[in-house]
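**Student:** Quick one: sequence plus predicted model below, questions after.
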Amino acid sequence: MSTLAVLLKEGKAILEKAGIEEAGLDAWLLLEYETGKNRAYYYAHQEERVSDETGNSYLKKIQLRAGHIPLQHITHQAFFMGSAFFVNEHVLIPRQDTENLVEEALEAAKNMESPRILDMCTGSGCILLSFLMEKEGSTGTGVDVSREALKVAERNRDSLYLGGRADFLESDLFDQLFLQKKDSKEQSGYDMLISNPPYIRTAEISGLMDEVRLHDPALALDGHEDGLYFYRRITRDGKAFLKPGGWLLYEIGYDQGEAVSRIMREAGFSGVKIRKDLAGLDRVVLGRLAEKNQEDNHV
């Protein structure tokens, strides 16, 4: 039977030997997850005994992390915009950088009373669901080609009590939406289209860190040869689902701002802007679909 302090020390040592960059932090987070003890409790009770069952379970999780399995896949939990989201190997792990996209979307929607949002390549649903939690009266649809990813999004929707405001659709980009639009009299469109699409160049995927390359779903990473494939398709086809004056917002790679801006302008979007993240890197591109019969004023 070990103590909390001994377990933490052992966990950190195993992760350091495995070359885990933040070994100390990850060892602590797994201990907190396994025991339910926060830092304040730990520092006051470091010599508290831990059952063999708990200790063995903790060390099994440490070994998984030592194998470069993402921490979030071990705990099935990731935090985004202040909320906990369930994640597994079928979805991208929500990252703090993507919060910039949600914040820009909320700013664009600040004067909208009940915006209707389309989230393309929704994955875990964290972008759409976080927006809905922050924007009263908003509703939305999340679209993904992966049925398994949509199961994760639906689980997150239900755990956040957003069942009446968010629906999810399995579709290869807009295919099913086009069918629905054709069969429906509802033509009002969406006020905003948000997307964090696959944007890694195919040739660059092999150079990504193991946690991403081996454990994030390839479908959610591969942006084809130049990384811009999905930006072109979503920009081109998404116009049919936006109201005149509707917003299009993308997360982008750090070197894709000008290329994605050009794609949007050439498709008839105006006021196109690039926003940076906290590290000063290009992170979001946004613009508005020109009003009918209105000249496109490029920015």
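**Tutor:** Received the coordinates, thanks. Numbering: from 1, shown residues only.
**Student:** quick one, strands of the stretch 51-200 of the chain?
**Tutor:** For the stretch 51-200 of the chain, the strands defined by DSSP state E, counting those that start in this stretch occupy 78-80, 83-85, 116-120, 139-144, 166-170, 190-195.
**Student:** Quick check: which of those is nearest to Gly36?
**Tutor:** Of all the strands of the stretch 51-200 of the chain, it is strand 83-85 that lies closest to Gly36, at 14.2 Å by Cβ to Cβ. In short, each C-beta sits where N, CA and C put it, glycine included.
**Student:** Quick one: list the elements packing against the closest one.
**Tutor:** Helices and strands touching strand 83-85, by 3 or more Cβ pairs under 8 Å, 6 or more residues apart in numbering; DSSP states H and E, are strand 78-80, helix 126-134.
**Student:** Among those, show me which one is buried the most.
**Tutor:** helix 126-134 (a mean of 25; mean count of other Cβ atoms under 10 Å).
**Student:** re the thing from before, let's have the helices and strands packed on strand 83-85 in CSV, adding distance to Gly280 and mean pLDDT.
**Tutor:** As requested, those are exported to CSV (distance: least, Cβ to Cβ, whole Å; pLDDT from 0 to 100):
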stretch, distance to Gly280, mean pLDDT
strand 78-80, 22, 95
helix 126-134, 22, 98
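**Student:** wait, which of these is closest to Lys151?
**Tutor:** So among these, helix 126-134 is nearest, using Cβ to Cβ, at 14.4 Å.
**Student:** one step back: can you redo the helices and strands packed on strand 83-85 as a markdown table with distance to Ile14?
**Tutor:** Formatted as a markdown table, the helices and strands packed on strand 83-85 follow (distance: least, Cβ to Cβ, whole Å):
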| stretch | distance to Ile14 |
| --- | --- |
| strand 78-80 | 23 |
| helix 126-134 | 30 |
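**Student:** Minimum distance to Glu107: which of the ones you listed has it?
**Tutor:** helix 126-134 (10.7 Å).
**Student:** Looking at the strands of the stretch 51-200 of the chain, spot the one closest to Arg155.
**Tutor:** strand 83-85 (9.1 Å).
**Student:** End to end on stretch 71-89, go ahead and measure it.
**Tutor:** Terminal residues of stretch 71-89 are spaced 12 Å apart (Cα to Cα, to the nearest Å).
**Student:** Which of the residues in it are classified as buried?
**Tutor:** Residues of stretch 71-89 classed as buried by neighbour count (16 or more other Cβ atoms under 10 Å): 71-75, 78, 80-81, 85-88.
**Student:** Tell me which two of the residues you listed sit farthest apart.
**Tutor:** Across those (Cβ to Cβ), the longest gap, 21.9 Å, separates Ile74 and Met81.
**Student:** Quick one: closest of the helices and strands packed on strand 83-85 to Glu16.
**Tutor:** strand 78-80 (23.6 Å).
**Student:** quick one: low-confidence parts of the stretch 101-250 of the chain?
**Tutor:** 182-188, 204-205, 207-224 (pLDDT under 70).
**Student:** following the longest strand anywhere in the chain, which helix or strand comes up?
**Tutor:** Criterion DSSP state E: the longest strand present in the chain is strand 242-251. Using DSSP states H and E, the helix or strand that follows strand 242-251 in sequence is helix 257-266.
**Student:** Beyond that next one, next helix or strand please.
**Tutor:** As the chain continues past helix 257-266, the following element, by DSSP H and E, is strand 269-276.
**Student:** Buried residues, that following strand. List them.
**Tutor:** For strand 269-276, by 16+ other Cβ under 10 Å, it's 269-270, 272, 274-275.
**Student:** what's the answer for stretch 57-71, then?
**Tutor:** 58-59, 61-62, 65-66, 68-71.
**Student:** Let me have the residues you listed in a markdown table, extended by distance to Leu177.
**Tutor:** Listed next are the buried residues of stretch 57-71 as a markdown table, based on distance: Cβ to Cβ, whole Å:
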| residue | distance to Leu177 |
| --- | --- |
| Tyr58 | 46 |
| Leu59 | 48 |
| Lys61 | 40 |
| Ile62 | 44 |
| Arg65 | 39 |
| Ala66 | 43 |
| His68 | 37 |
| Ile69 | 35 |
| Pro70 | 31 |
| Leu71 | 35 |
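**Student:** Select from the residues you listed every entry located in helices.
**Tutor:** Judged by DSSP state H, these include 58-59, 61-62, 65-66, 71 as members of helices.
**Student:** among the residues you listed, which two are most distant?
**Tutor:** Between any two of those (Cβ to Cβ), the greatest distance is 15.0 Å, for Leu59 and Leu71.
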